[in-house]
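Participant: sequence first, predicted model second:
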Amino acid sequence: LRTILIGPPGAGKGTQAPHIRDEFCVCHLATGDMLREQVVKQTKLGVEAKKIMDAGGLVSDDIMVNMIKDQLENNKACKNGFVLDGFPRTVPQAEKLDAMLDARHEKLDSVVQLEIADQLLISRITGRLIHPASGRTYHREFHPPKKPMTDDVTGEPLIQRSDDNVDTLTKRLSTFHKQTSPVVQYYQKAGLWQRIDAAQAPNAVWENLRKVFVKKQ
Ligand code: AP5
Ligand code: ZN
């Protein structure tokens, strides 16, 4: 299975992608998680990326395309396919992904848009907690950890992302509508686009997503 989840901040990409990864034995490539790893390691890229992420902007296409290329070539977990979360975010990224897949004689199966109204995203984003090492996601109200501020699996502390505040969210949403909405049209033209109502409860979203992929397989 080779698929892409597209949706605004808080739509549920990082919540749903692990289900797809586990059910279809593919890799989950989340470009935001990869960037946050660089931030934690305080690499040159991490320091630059943090400024951009906190301002709600986008890191350059070349850097992001190379990150994905490296994973597709070297990550053994991707040999059965992949679910992309947070990439492509611009039309040039989508074009470069197409060229990369062409060169590998591979094709996308589907591109799924997680549709949800902007106003529903505020509470999802401001209540989110993450386990930085694994990218596991919780929510103070909608998906609380068993022990407050503690990862269920490792017992390590949870944190709030520095871009998860109302100001940065407003900028991230505007970036999404300007730069990523054209990516939806790009895949509509290619006949790959599907949509899912992402405002439902997480389990209902997963049930509907599963149907999309099972039909395709
Ligand atoms: P990224 O990490 O990709 O952030 P994003 O796209 O803004 O998406 P989020 O991670 O905020 O949302 P999500 O859809 O994963 O939601 P989640 O499942 O966690 O990117 C961060 C930054 O990195 C970008 O702003 C950019 O600067 C840079 N970047 C990354 N990729 C790039 C690229 N390709 N090019 C250039 N720059 C790039 O859910 C959110 C919360 O809601 C959670 O708490 C969850 O528990 C809860 N929740 C989920 N589903 C439900 C539900 N159905 N009902 C109730 N609560 C729910
Ligand atoms: Zn995410």
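Facilitator: Alright, I've got the coordinates. Ligands and ions are numbered 1, 2, ... in the order given.

Participant: please make it C-alpha for all contacts and neighbour counts, starting now.
Facilitator: Noted.

Participant: buried stuff in stretch 147-167?
Facilitator: Within stretch 147-167, the residues that qualify as buried are 149-152, 158-161, 163-165, counting by 16 or more other Cα atoms under 10 Å.

Participant: look up phi and psi at Gly86.
Facilitator: The phi/psi pair for Gly86 (degrees, to the nearest 10) reads phi 90, psi 0.

Participant: let me see the contact set for it.
Facilitator: 5-6, 13, 30-32 (Cα atoms under 8 Å, 6 or more residues apart in numbering).

Participant: let's have those residues in CSV, adding distance to ligand 1, secondary structure and pLDDT.
Facilitator: What follows is those, written out as CSV (distance: Cα to the nearest ligand atom, whole Å; DSSP: H, G, I helix; E, B strand; the rest coil; pLDDT from 0 to 100):
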residue, distance to ligand 1, secondary structure, pLDDT
Leu5, 9, strand, 98
Ile6, 8, strand, 98
Lys13, 4, helix, 98
Ala30, 6, strand, 97
Thr31, 4, helix, 98
Gly32, 3, helix, 96
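
Participant: save the buried residues of stretch 147-167 as TSV, and put in secondary structure and pLDDT too.
Facilitator: Putting the buried residues of stretch 147-167 into TSV (DSSP: H, G, I helix; E, B strand; the rest coil; pLDDT from 0 to 100) gives the following:
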residue	secondary structure	pLDDT
Met149	coil	97
Thr150	strand	98
Asp151	coil	98
Asp152	coil	98
Leu158	coil	98
Ile159	strand	96
Gln160	coil	96
Arg161	coil	96
Asp163	coil	97
Asp164	coil	97
Asn165	coil	97
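
Participant: mind putting those residues into CSV with distance to ligand 1?
Facilitator: Shown next, in CSV, are the buried residues of stretch 147-167 (distance: Cα to the nearest ligand atom, whole Å):
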residue, distance to ligand 1
Met149, 12
Thr150, 14
Asp151, 13
Asp152, 13
Leu158, 12
Ile159, 11
Gln160, 10
Arg161, 9
Asp163, 8
Asp164, 7
Asn165, 10
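
Participant: check the offset of the helix-or-strand element of the chain with minimal mean pLDDT from the chain's centre.
Facilitator: Lowest on mean pLDDT, DSSP states H and E among the helices and strands of the chain sits helix 202-216, with a mean of 91. Helix 202-216 sits 17 Å away from the centroid of its parent chain (Cα atoms, centre = their mean, to the nearest Å).

Participant: also stretch 68-84?
Facilitator: Stretch 68-84 has its C-alpha centroid displaced from the chain centroid by 15 Å (Cα atoms, centre = their mean).

Participant: can you tell me which residue is spatially central in this structure?
Facilitator: Residue closest to the mean C-alpha point of the chain, counted by Cα atoms, centre = their mean, is Asp85 at 2.6 Å.
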